[in-house]
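Student: Turn this into a structure:
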Amino acid sequence: MIPPPEGHPEDLLDIDDYRTIWGNATRGMPVERVTLSKYMSLGRLPDPDRVPDDGLEPEVLKPMWLRKTVNKSIANRNPTGRPRKKT
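Tutor: All right, here's what the predicted structure looks like:
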């Protein structure tokens with residue numbers, strides 16, 4: 001497992017950044033893009049923090065997550081990448 005790269009918590013990351021960070025943290029290689037896209041459509045990923053035409057700056061052209069959102073999402077999963085069971 002590779003720890004998430006350092007960066008500012010407010011950095012904007014796209015789905016390719018997300019899949020690379022998640023895959024490296026759970027299995028040492030990026031998750032397939034189609035897999036993460038499917039998880040996104042099924043609601044298994046947190047909603048993007050930014051979307052096109054949201055009126056915020058800087059303008060984004062695709063869904064984007066804050067680094068802190070990605071890191072929190074990954075931290076809430078077990079080493080295989082599955083969500084941790086609630087106790």
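
Student: So which elements touch the longest helix seen in the chain?
Tutor: The residue-count maximum for a helix in the chain (DSSP state H) belongs to helix 15-26. In terms of contact count using 3 or more C-beta pairs under 8 Å, 6 or more residues apart in numbering; DSSP states H and E, helix 15-26 is assigned the packing partners helix 33-41, helix 67-75. Using the backbone N, CA and C atoms, a C-beta is placed for each residue, glycine as well.

Student: just how off-centre is that helix within its chain?
Tutor: From the chain centre to the centre of helix 15-26 is a distance of 7 Å (C-alpha atoms, centre = their mean, to the nearest Å).

Student: Mind listing what's buried along that helix?
Tutor: Buried residues in helix 15-26, defined by neighbour count with 16 or more other C-beta atoms under 10 Å: I15, D17, Y18, R19, T20, I21, W22, G23, N24, A25, T26.

Student: hmm, back to that, which of the helices and strands packed on helix 15-26 sits most buried?
Tutor: Across those, the average number of neighbours (mean count of other C-beta atoms under 10 Å) peaks for helix 67-75, which reaches a mean of 17.

Student: Using PDB, list the CA coordinates for it.
Tutor: In PDB, the C-alpha atoms belonging to helix 67-75 read as follows (Å, rounded to 0.1, in the frame of the first residue of the first chain):
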ATOM      1  CA  ARG A  67      -8.200  16.100  -1.600                       C
ATOM      2  CA  LYS A  68      -9.600  16.000   2.000                       C
ATOM      3  CA  THR A  69     -12.800  14.400   0.600                       C
ATOM      4  CA  VAL A  70     -10.800  11.700  -1.300                       C
ATOM      5  CA  ASN A  71      -8.500  11.000   1.700                       C
ATOM      6  CA  LYS A  72     -11.400  10.700   4.100                       C
ATOM      7  CA  SER A  73     -13.300   8.400   1.700                       C
ATOM      8  CA  ILE A  74     -10.300   6.100   1.400                       C
ATOM      9  CA  ALA A  75      -9.600   6.200   5.200                       C
END
